[in-house]
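> Using only what follows, build the 3D model:
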Amino acid sequence: MVQSRFFPILAIVLVAGCSRSSADDEIILRDGSVRRGELSACTADACTLGGASIARPAIVLIGLDGRTRAPKIPDPLHDELQLTDETIVPATMTAVDAATVVTDKARYPRERVAWIYLAPKLPAGAQGAPSSSSSATQAKSSVTYEWAGTIKAENKYDGREGQYKWQASYTVKFLEVDGHGSVSGAAGESYDTSEFIPSAFAYSISADETLDKHVYDPGSITMSGNASGEIAAAAAKQKNVLRGELVRFDGAAAAGAPPATSFDSDSVYYRINYPPAPGWFEISVSFAGFKNNDNGSDKDWRALYQGIARGGQAAPFFADPDADFIHWVPAWMPEGTVVIGRLASPDQSDVQGSATFPRQGAGDAQDREQITLTWEFRRTRQ
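Residues are numbered from 1 along each chain as shown. Model (predicted):
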């Protein structure tokens, strides 16, 4: 999960037998606020909710017909749909009307779509997609540095749903490979980027979670224990366990100001490296790639959390115990950990930083998780 990042992502509470009403649609904005009403239409530029137009860049999630709570976001960097059967469809919404949700890949009856997730609109190439000259660029790819170090993430919550504290530590090595792509700067200038390719990945995760308030009365949900393990480099790359990129220092480029360490919200944190400039890097960690896409099973995903148990008196939301377990793992942290930082110089060897910010938690918009990130790497020229 991630993290699902800048998203409301803990619980998906199914509402059985829910019929459509105009008040059931909702839009969750990047500032954490929620708008409710009748969603009459969406275009490539904006959505109309209750007669008011909301610019698309301000929107994180669109919920249709009040069927579920805000979902987990397995891949925060890319648009997706969550269908009413909880299938995740990687696709970009291009239009919505009273009957249909249209994406860049297919059309869906509106009643089949529960949520639409809109990733931040980044400059071309910033999400890791190959540029139009991908083949030629990849042919010139070369390893320039190895990064070795640790990323630590903590997610604390104490609110109307209960309390939890999840902590994760990732001990990683990855290669900085030139020739990955390019991004456009504020004035239209172009910067080359380097891709991060994992070469070693180990993790430890601890959980202490009790959700026993509000909708869970008189039952409770608990998650507790410790999990640890290693993921082979080939699997880490294939499953997108670790990935990222760096805006390179090509030519004479003055070092920019270092990023802040405290932010008012997760959405502010996610905007600090845009528009791109030399030295900015981004690293993401997620286990969501282990979902078995052939049959929708969460068995392999769940196996990574061996040592953490789901308990409590509340009945499972899903008959499959693996799917029920994954349902209660906070998706932003530890699953969707994302590090954003900036190098001060092309040959910087010690890379470290931290970030803290609140984001929407398990309950309503006023509930806040507190996310704390720290990272420390040794960057060695190859």
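> Please report how far Ala277 lies from Gly50.
When distances are taken as CB to CB, to the nearest Å, Ala277 and Gly50 turn out to be 39 Å apart. Backbone N, C-alpha and C define where each C-beta goes, glycine included.
> now swap in Lys213 and tell me
30 Å.
> State the number of residues packed around the residue nearest to Ser53 when sequence neighbours are not counted.
With CB to CB, 6 or more residues apart in numbering as the measure, Ala46 is the residue that lies nearest to Ser53, at 4.8 Å, once sequence neighbours are left out. Ala46: 16 surrounding residues under other CB atoms under 10 Å.
> Also the one 10 residues further on?
By the measure other CB under 10 Å, the count of residues near Arg56 is 16.
> Mind pulling up the pLDDT for it?
As predicted, Arg56 sits at a pLDDT of 91.
> Let me see the mean pLDDT of stretch 312-331.
This predicted structure assigns stretch 312-331 an average pLDDT of 87.
> So which bits of stretch 235-254 are buried?
Applying a neighbour-count criterion of 16 or more other CB atoms under 10 Å, the buried positions in stretch 235-254 are 236-237, 239-249.
> How about stretch 28-38?
Of the residues in stretch 28-38, those buried by neighbour count under the rule 16+ other CB under 10 Å are Ile28, Leu29, Arg30, Gly32, Arg35, Gly37.
> Just send the residues you listed back as CSV, with pLDDT, secondary structure and distance to Ala344 too.
Converted to CSV, the buried residues of stretch 28-38 look like this (pLDDT from 0 to 100; DSSP: H, G, I helix; E, B strand; the rest coil; distance: CB to CB, whole Å):
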residue, pLDDT, secondary structure, distance to Ala344
Ile28, 86, strand, 36
Leu29, 83, strand, 34
Arg30, 76, coil, 29
Gly32, 69, coil, 32
Arg35, 88, strand, 41
Gly37, 90, strand, 47
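> of all these, which comes closest to Pro321?
Nearest to Pro321 among the buried residues of stretch 28-38, counting by CB to CB, is Ile28 at 29.3 Å.
> Okay, and the beta partners of the closest one?
When bridges are taken as DSSP bridges, the partners of Ile28 come out as Val34, Leu61.
> Hmm, it is touching Leu49, no?
No - shown here, Ile28 and Leu49 do not form a contact pair, counting by CB atoms under 8 Å, at 11.2 Å.
> Give me the three-state assignment for Asn155.
strand (DSSP: H, G, I helix; E, B strand; the rest coil).
> can you list contacts of stretch 348-358?
By CB atoms under 8 Å, 6 or more residues apart in numbering, the residues outside stretch 348-358 that reach it are 147, 149, 258-266, 268-269, 339-341, 343, 368-380.
> Please spell out the PyMOL selection for the buried subset of those.
Of those, the buried ones can be selected in PyMOL as follows, counting by 16+ other CB under 10 Å:
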select buried, resi 147+149+259+263+265+266+269+339+340+341+343+368+369+370+371+373+374+375+377+379
